[in-house]
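Asker: prediction below, plus the sequence it came from.
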Amino acid sequence: MASLLRSPRTIACIGRNYAAHIKELGNAPPKEPFFFLKPAGSLLHPHAGPVLMPKGVDLHYEVELAAVIGREADDLTAENALDAVKGWCVGIDMTARNYQDNAKKASLPWTLCKGFKTFLPVSHFIPKSRIPNPHAVTLYLAVNGVMRQDDSTALMMFDIPALLRHITAVTTLYEDDLVLTGTPKGVGRVVPGDVMTAGLRVDGVEIEEGRIEVRVEERVGGYGA
């Protein structure tokens, strides 16, 4: 039976971890892993409702493989980092791209553009045993049935142990925290009425627990209304 993720304390999101995605947004490749935080209140569980698009937002999707942390993790090494992971999920890092562009220009943090409620649709929990090699997973995302993202996690610039080592050198992670590992190329816009379908495949076979299907609707009220 599919199980929901538990509430995380921290949601750490890796940016700029796929070269083609860096190029499509015109960013510079990082010299070390780069991460930002999404609020726990942005989490949207399966079948919990639509993604809500605030007024005036240029809303973009970014599909990602997320690691679910299984214990307190501090100063992990490349050798023991994956031992701290108890499972996986698929996440869609929704982004208010126009707000992000403004934040970049003003050297401001990304909390606003990444942190609206419903801005992190997630799949059910995927047990670690279902994904023997997280660097050999195909991530996909379609909008209204049209494939937009479809690439392998083998294309990551920094592998998952390197990401976990970097994050836990900065801050401690705890059980049920999430680490989103970056998005491949193909990000783009969605508008109210669109339906996003996302998931992952291992050896060409889709893992049902990792499937997301979620509709976009206009948000009534809130920031910018």
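Answerer: Thanks, I have it.

Asker: verify the stated contact: Gly222 with Pro54.
Answerer: Yes. Using C-beta atoms under 8 Å, Gly222 and Pro54 qualify as a contacting pair, with a distance of 5.9 Å. (Glycine included, C-beta is placed from N, CA and C.)

Asker: out of the helices and strands in this protein, which is least certain?
Answerer: Taking mean pLDDT, DSSP states H and E as the measure, the chain has helix 19-24 as its least confident helix or strand, at a mean of 91.

Asker: for the chain, which helix is longest?
Answerer: helix 160-170 (DSSP state H).

Asker: and the helix or strand just after that one, which strands flank it?
Answerer: For helix 160-170, the succeeding helix or strand toward the C-terminus, using DSSP states H and E, is strand 178-180. If you go by DSSP bridges, strand 178-180 pairs up with strand 11-15 (parallel), strand 63-69 (antiparallel).

Asker: which residues does Gly91 bridge with?
Answerer: Residues in beta-bridge contact with Gly91 (DSSP bridges): Glu64, Val122.

Asker: what's the neighbour count on it?
Answerer: 29 (other C-beta atoms under 10 Å).

Asker: returning to what we had before: next secondary structure after the least confident helix or strand of the chain?
Answerer: Assignment by DSSP H and E places the next element after helix 19-24 at strand 34-38.

Asker: other residues contacting that next one?
Answerer: 10-16, 93, 109-111, 114-115, 119-120, 163, 166-167, 180 (C-beta atoms under 8 Å, 6 or more residues apart in numbering).
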